[in-house]
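In: pasting the structure only:
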């Protein structure tokens, strides 16, 4: 049996080979929790480093003079100025960006897209003065339209957006493959024996990603007979949303729900439904903070890494952010087991989930 390699661990966890290598060397570029997860996977797979190769690489690294090629701008595009620290998912993008930039010899200066003190003239002056060569935008959550006044910025500097595809201007972007994610989650639910899958998605979020969540869901529904098709629930705003959700639930009786939102667990409990005994739950954005909830790992860390690769490529090719043919890099999501969605026949004896 061949000995497991770094590539095997990378495929298992959905990280890049570079990330796996850095984590196993204890690099501070990789967050502690990520390092521990990678080490645990390496132990489980029986990975053993090649001593000769490890010694050679250590000698090469120690003899290499470290220098920074240039600076990049890491721009918080979220309306919340603290999103890089406090948002549930954005910090993982940031970690991936910074780890990859450091690996390539770049450093980041941080900015806030909505800083009222930064006029377009000041943006350009600061970036030029600091010799910043490219821009990575992280955190767009409410809109895919960038401020019109900043158009000259993208026209001057290589720019890549993470998470969503922007419009007017359409910039190169890197994000999870939302359509395939929803399709894969649906297929996995059917493999587990569920017969009436349903999607709970905020219409604003679905529109932000050009309805690729719902498109994947409706595409997957075609595998089922029409009588098992359930309309999505997208009325996520308003004070009576929990009541509207319960009416939808009573009408359509799904046996598994796909969602992005932890509060769906509370709504199910309020409706007298136990998870997973009565309704299973699958998160479309799996989070390490709730490992008991089954779902799809979007690998935001890898998205951050890939965004840096893209902007560095633009720098090397003397491209600006606004291109005739913007590029897209889609990151594949992977399934993560959890007790909120066991095989259907095991639901009756599974432990009930608690509120978030």
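Out: Everything's here; your move. Since this is a predicted model, take the numbers as computed values, not measurements.

In: ok, the nearest residue to residue 158 once chain neighbours are set aside - contacts?
Out: Sequence neighbours aside, residue 314 is the residue nearest to residue 158 in space, at 3.4 Å (criterion: CB to CB, 6 or more residues apart in numbering). (Each C-beta comes from the backbone N, C-alpha and C, glycine too.) Under the criterion of CB atoms under 8 Å, 6 or more residues apart in numbering, the neighbours of residue 314 are 134, 158, 159, 160, 172, 320, 321.

In: Only the buried members of the residues you listed: can you turn that into a ChimeraX selection?
Out: One line in ChimeraX is enough to select the buried members of the contacts of residue 314, burial here meaning 16 or more other CB atoms under 10 Å:
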select :134,158,159,160,172,321
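
In: of the contacts of residue 314, closest to residue 284?
Out: Proximity of the contacts of residue 314 to residue 284 (CB to CB) peaks at residue 160, which lies at 23.5 Å.

In: burial count for residue 126?
Out: 14 (other CB atoms under 10 Å).

In: ok, now which ones touch it?
Out: With contacts taken as CB under 8 Å, 6+ apart, residue 126 has the following neighbours: 118, 132.

In: now it: how far from residue 70?
Out: In this structure, residue 126 and residue 70 are 15 Å apart, going by CB to CB, to the nearest Å.

In: Domain boundaries for this structure, per the record?
Out: By the assignment in automatic domain parsing, the chain contains the domains 6-63, 178-297+336-349.

In: and the closest residue to residue 175 other than its chain neighbours, how many neighbours does it have?
Out: Closest residue in space to residue 175, ignoring its immediate chain neighbours: residue 163 at 5.0 Å, by CB to CB, 6+ apart. Taking other CB under 10 Å as the neighbour definition, residue 163 ends up with a count of 26.

In: again, but for residue 82
Out: For residue 82, the count of nearby residues is 11 (other CB under 10 Å).

In: Tell me which stretches of the stretch 151-300 of the chain form helices.
Out: When secondary structure is read from DSSP state H, counting those that start in this stretch, the stretch 151-300 of the chain shows helices at 151-156, 178-191, 203-208, 212-221, 241-252, 263-270, 300-316.

In: The last one: what's the following helix or strand?
Out: Think helix 300-316. strand 328-331 (DSSP states H and E).

In: Just the mean pLDDT for that following strand, thanks.
Out: Averaged across strand 328-331, the pLDDT comes to 96.

In: Enumerate the positions of it that are buried.
Out: Buried residues in strand 328-331, defined by neighbour count with 16+ other CB under 10 Å: 329, 330, 331.

In: quick check: mean pLDDT across stretch 19-31?
Out: Here stretch 19-31 scores 82 as its mean pLDDT.

In: on that earlier part again, deepest in the core, which of the helices of the stretch 151-300 of the chain is it.
Out: Greatest average neighbour count among these goes to helix 300-316 (a mean of 23), per mean count of other CB atoms under 10 Å.

In: mind checking how far that one is from the chain centre?
Out: Relative to the chain's own centre, helix 300-316 is displaced by 14 Å; criterion: CA atoms, centre = their mean, to the nearest Å.

In: swap in stretch 313-321?
Out: Taking mean C-alpha positions (CA atoms, centre = their mean), stretch 313-321 and its chain are 24 Å apart.

In: for that stretch, how far is the first residue from the last?
Out: With CA to CA, to the nearest Å as the measure, the first residue of stretch 313-321 is 12 Å from its last.

In: for stretch 252-268, same thing?
Out: In stretch 252-268, first residue to last residue: 14 Å (CA to CA).

In: try stretch 111-130
Out: Terminal residues of stretch 111-130 are spaced 13 Å apart (CA to CA).

In: repeat for stretch 123-138
Out: The first and final residues of stretch 123-138 sit 17 Å from each other (CA to CA).

In: Which positions in it come out as buried?
Out: The neighbour-count criterion (16+ other CB under 10 Å) identifies 123, 124, 127, 132, 133, 134, 135, 136, 137, 138 as the buried residues of stretch 123-138.

In: So for it, mean pLDDT?
Out: Per-residue pLDDT values over stretch 123-138 give a mean of 96.

In: related to what we said a few turns ago, what distance do you get for the residue nearest to residue 175 to residue 107?
Out: Spatial separation of residue 163 from residue 107 under the definition CB to CB is 22 Å.

In: about what we covered before: please identify the deepest-packed of the domains of the chain.
Out: Neighbour counts averaged per stretch over the domains of the chain are highest for domain 178-297+336-349, at a mean of 18; criterion: mean count of other CB under 10 Å.

In: picking that back up, between the domains of the chain, which gets the lowest average pLDDT?
Out: Mean pLDDT per stretch puts domain 6-63 lowest among the domains of the chain, at a mean of 77.

In: what separates that one from the chain centre, distance-wise?
Out: Domain 6-63 sits 22 Å away from the centroid of its parent chain (CA atoms, centre = their mean).

In: now do stretch 217-229
Out: Relative to the mean C-alpha coordinate of its chain, stretch 217-229 is positioned 26 Å out (CA atoms, centre = their mean).

In: With stretch 236-244 instead?
Out: Centroid separation between stretch 236-244 and its chain, computed with CA atoms, centre = their mean, is 26 Å.

In: before we move on, what about stretch 133-151?
Out: Shown here is stretch 133-151, whose average C-alpha point lies 17 Å from the average C-alpha point of the whole chain (CA atoms, centre = their mean).
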